[in-house]
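quick one, fold the following:
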Amino acid sequence: MLEEYLDKIGYSNKQIDFLLNAYPISSYSEATLLYNFRSLYCYLKNNNIDNKSFIFITISMPSIICESIENIKIKISDFQHLGFNKLDFFNILKIYPDFLRFSMQKINDIFNELYNLGFSEDDVHNIVVKYPFILNMDIKAFYKQFQFFLDFGFSSEETVSIFTSLPDLFKYTTTYFLQTIRKLKQLRFSNYDIVKIITLVPDLFVSKFEDIISRFKCLREIGYEKENIIELVKVIPFILKDRYLNLISNKVEALTSLGFIKKSITDMTIVNPYIFLYSIDRIREKFFAIQTLGYSSYDVVKMMQTCPFLFGYHIKNITEKIEFYRKHNLESLIVNDSRVLFFNLNFIKRRYAFISKKLDISIDNYYLLFLNDKDFLEKFGIMRDELLRGDF
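Numbers count the residues shown, from 1 in each chain. Modelled structure (predicted):
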């Protein structure tokens with residue numbers, strides 16, 4: 001009857017044979033085991049444990065069949081005192097049933113060691129839920145891993161952030177980390193670059209080097225040189241993730257459909273890599289919004305190629321700048337030298353007010369508005385702070 005019951009749940013013959021011969025189950029009568037199985041199954045099912053998870057839990061830890069439901073409830077209560085809820089408890093159980101064996105003293109010791117390393121209560125909660133195997137780790141291993149990151153150049157805060165966002169890193173050795181770092185250095189990333197990249201994208205540590213190389217190749221196929229790719233990754237390391245590579249390809253297609261050629265797309269994104277972080281809808285919306293200000297699609301392409309930062313500006317900001325240059329008969333600059341839209345409008349207004357007292361500003365000398373501070377001081381004898389205060 002017991003075997004029939006287990007068969008209905010979904011155990012294979014091999015699993016049933018394993019369970020019934022496992023310690024301490026083999027020492028119980030069939031009637032007792034049937035009762036225990038039914039009680040545990042009903043209790044766990046009522047807490048959203050499906051058949052597949054139930055089988056995994058009992059195969060991983062056969063002794064749970066002999067555990068009273070009351071003892072499990074006590075364990076839940078103990079975990080709730082540590083800040084976990086009931087759902088957390090059962091999610092941990094589905095991943096690592098053996099944690100039920102551990103005393104609360106052992107679990108508290110692990111938590112305290114993580115606190116000592118700088119992890120907050122929320123950090124520890126997230127780590128345990130995602131990677132409950134940490135509850136059985138050697139405490140010395142924590143410090144060895146942590147110290148490795150500190151010695152390489154990561155700050156304590158960065159190291160905490162990396163392990164919190166990707167707790168699976170706890171299962172890797174420092175030797176593995178070192179191998180990954182060496183491979184990233186082969187791609188000509190400096191220690192400083194690696195710290196920045198890994199802090200933002202910790203899962204690169206667990207990516208196969210072949211996968212990273214293939215992502216480089218994908219970017220090369222789009223049109224980037226290796227040097228450009230390295231610079232792009234330094235700014236937005238996310239592009240080395242497969243999901244982002246697909247998004248980049250989609251954005252290149254979207255920009256192409258608007259009239260940009262691939263060479264200009266690579267040039268623009270080298271200057272402003274954050275274009276790849278904007279949604280396709282936002283890119284199109286910005287493009288068409290500028291068109292409504294009286295420009296052809298050809299004009300907008302030219303403007304954005306010259307000043308790729310336009311992709312990130314609010315249309316209200318762009319409109320105000322365009323209206324200013326139109327008002328002062330400098331409209332041709334907007335298309336022919338759209339870099340003028342990059343500068344802070346209030347600052348340019350100050351410079352315009354100052355210069356126009358001395359001479360008329362036209363297409364022939366508009367560049368005076370955009371001199372760097374040193375050249376402007378040399379040309380007009382006034383410093384930026386004085387200009388901004390209106391001391392003229």
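
burial check on residue 330, number of neighbours?
18 (other C-beta atoms under 10 Å). All C-beta spots, glycine's among them, are computed from the backbone N, C-alpha and C.

that one reaches residue 360, doesn't it?
No: the pair residue 330 / residue 360 is not scored as a contact, 11.7 Å apart, by C-beta atoms under 8 Å.

residue contacts, the closest residue to residue 54 other than its chain neighbours?
Spatial nearest neighbour of residue 54, chain neighbours left out: residue 44 (5.7 Å); criterion: C-beta to C-beta, 6 or more residues apart in numbering. Going by C-beta atoms under 8 Å, 6 or more residues apart in numbering, residue 44 touches 53-54, 57, 90.

and if you look at residue 324?
By C-beta under 8 Å, 6+ apart, the contact set of residue 324 is 345, 348-349.

report the buried residues of the helix or strand hosting residue 55.
Using DSSP states H and E, residue 55 sits within helix 51-60. Using 16 or more other C-beta atoms under 10 Å as the test for burial, helix 51-60 gives 53-58.

again with stretch 7-19
9, 11, 15-16, 19.

which of these lies closest to residue 265?
Distance to residue 265, by C-beta to C-beta, is smallest for residue 15 among the buried residues of stretch 7-19, at 55.3 Å.

what's the pLDDT at that closest one?
With respect to pLDDT, residue 15 scores 93.

among the buried residues of stretch 7-19, which are in helices?
9, 15-16, 19 (DSSP state H).

redo those as JSON lines? Include distance to residue 232.
Formatted as JSON lines, those follow (distance: C-beta to C-beta, whole Å):
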{"residue": "9", "distance to residue 232": "52"}
{"residue": "15", "distance to residue 232": "50"}
{"residue": "16", "distance to residue 232": "55"}
{"residue": "19", "distance to residue 232": "54"}
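
nearest to residue 164, of those residues?
residue 15 (35.9 Å).

against residue 54, how distant is that closest one?
Distance, residue 15 to residue 54, using C-beta to C-beta, to the nearest Å: 11 Å.

what's the answer for residue 202, then?
33 Å.

ok, residue 144 - contacts?
residue 174.

what's the helix or strand for it?
Using DSSP H and E, residue 144 falls in helix 139-152.

could I have the CA atoms of that helix written out in PDB?
Extracted in PDB, the C-alpha atoms of helix 139-152 (Å, rounded to 0.1, in the frame of the first residue of the first chain):
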ATOM      1  CA  ILE A 139      33.400  30.100   8.000                       C
ATOM      2  CA  LYS A 140      37.100  30.400   7.100                       C
ATOM      3  CA  ALA A 141      36.100  30.200   3.400                       C
ATOM      4  CA  PHE A 142      34.100  33.400   3.800                       C
ATOM      5  CA  TYR A 143      37.100  35.400   5.000                       C
ATOM      6  CA  LYS A 144      39.400  33.900   2.300                       C
ATOM      7  CA  GLN A 145      37.000  34.900  -0.500                       C
ATOM      8  CA  PHE A 146      36.300  38.300   1.000                       C
ATOM      9  CA  GLN A 147      40.000  39.100   1.500                       C
ATOM     10  CA  PHE A 148      40.800  38.000  -2.100                       C
ATOM     11  CA  PHE A 149      38.400  40.800  -3.400                       C
ATOM     12  CA  LEU A 150      39.800  43.400  -1.000                       C
ATOM     13  CA  ASP A 151      43.400  42.500  -2.000                       C
ATOM     14  CA  PHE A 152      42.600  42.900  -5.600                       C
END
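
picking up where we left off before, okay if I get the buried residues of stretch 7-19 as JSON lines plus distance to residue 77?
Converted to JSON lines, those look like this (distance: C-beta to C-beta, whole Å):
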{"residue": "9", "distance to residue 77": "28"}
{"residue": "11", "distance to residue 77": "30"}
{"residue": "15", "distance to residue 77": "31"}
{"residue": "16", "distance to residue 77": "33"}
{"residue": "19", "distance to residue 77": "28"}
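
quick check: the farthest pair among those?
Of all pairs drawn from these, the greatest distance, 11.0 Å, lies between 9 and 19 (C-beta to C-beta).

next, count neighbours for the spatially closest residue to residue 258 that is not a sequence neighbour.
Leaving aside its chain neighbours, residue 258 sits nearest to residue 287 (5.5 Å; criterion: C-beta to C-beta, 6+ apart). Counted with other C-beta under 10 Å, the neighbours of residue 287 add up to 21.

now do the contacts for residue 287.
Residue 287 touches 258, 297, 300, 304, counting by C-beta under 8 Å, 6+ apart.

quick one, helices of the stretch 51-200 of the chain?
51-60, 69-81, 86-95, 104-116, 121-130, 139-152, 156-165, 174-186, 191-200 (DSSP state H, counting those that start in this stretch).

out of these, the one nearest residue 320 is which?
For residue 320, the closest of the helices of the stretch 51-200 of the chain is helix 191-200, at 33.5 Å, according to C-beta to C-beta.

returning to that earlier point: and the buried residues of stretch 7-19, which is closest to residue 231?
Checking the buried residues of stretch 7-19 one by one against residue 231 (C-beta to C-beta), the nearest turns out to be residue 15, at 54.0 Å.

show me what contacts that closest one?
Applying C-beta under 8 Å, 6+ apart, we find residue 15 in contact with 6, 55, 59.

including distance to residue 322, could the contacts of residue 44 go into TSV?
As requested, the contacts of residue 44 are exported to TSV (distance: C-beta to C-beta, whole Å):
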residue	distance to residue 322
53	60
54	65
57	65
90	59
